[in-house]
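Q: okay, here's the prediction I keep looking at, along with the sequence it came from:
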Amino acid sequence: MMHHPLHSVPVTVGLDYSDQAVRVCVLDSAGDQRLNRDLFNNAGAIVAAASRHGPVRGCVIEGGGE
């Protein structure tokens with residue numbers, strides 16, 4: 001089994017927007033959760049938080065609506 005340094009494993013970011021915050025969930029390539037928390041709606045803060053866990057390979061956004 002090959003071990004990768006924590007910050008070299010690609011991650012996928014999920015975003016769920018609400019009026020007050022953005023829920024940011026970061027999963028590694030094995031599907032393990034690296035981050036799951038609310039952040040202010042600020043693109044720079046979201047990118048910084050996600051990038052701390054590895055190179056971002058993709059992003060999904062949960063769309064809500066009625």
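A: Great, that's in hand. Just so it is clear, the model here is predicted, and its values are computed rather than measured.

Q: what does P55 show for phi and psi?
A: phi -70, psi 130 (degrees, to the nearest 10).

Q: any idea how far it is from P10?
A: Using CB to CB, to the nearest Å, P55 is found at 5 Å from P10. Any C-beta I mention is one placed from the backbone N, CA and C, and that applies to glycine too.

Q: those two: which is more packed in?
A: Legend: neighbour count by other CB atoms under 10 Å for P55 and P10, higher for P10 (14 against 11).

Q: so that one sits against R57, correct?
A: Yes. Between P10 and R57 there is a contact under CB atoms under 8 Å: 4.0 Å.

Q: now do the shared contacts for those two.
A: S29 (CB atoms under 8 Å, 6 or more residues apart in numbering).

Q: in the chain, which spans are helices?
A: 43-51 (DSSP state H).

Q: tell me where it has strands.
A: 11-17, 22-28, 33-39, 56-62 (DSSP state E).

Q: and the first one, which residues are buried?
A: I take that to be strand 11-17. Buried residues in strand 11-17, counted by 16 or more other CB atoms under 10 Å: V11, T12, V13, G14, L15.

Q: what residues are up against the fourth one?
A: Read it as G14. Counting by CB under 8 Å, 6+ apart, G14 has contacts R23, V24, C25, V26, L27, C59, V60, I61, E62.

Q: swap the cut-off to 10 Å and go again
A: When contacts are counted by CB atoms under 10 Å, 6 or more residues apart in numbering, G14 touches 23-27, 33, 35-36, 50, 58-62.
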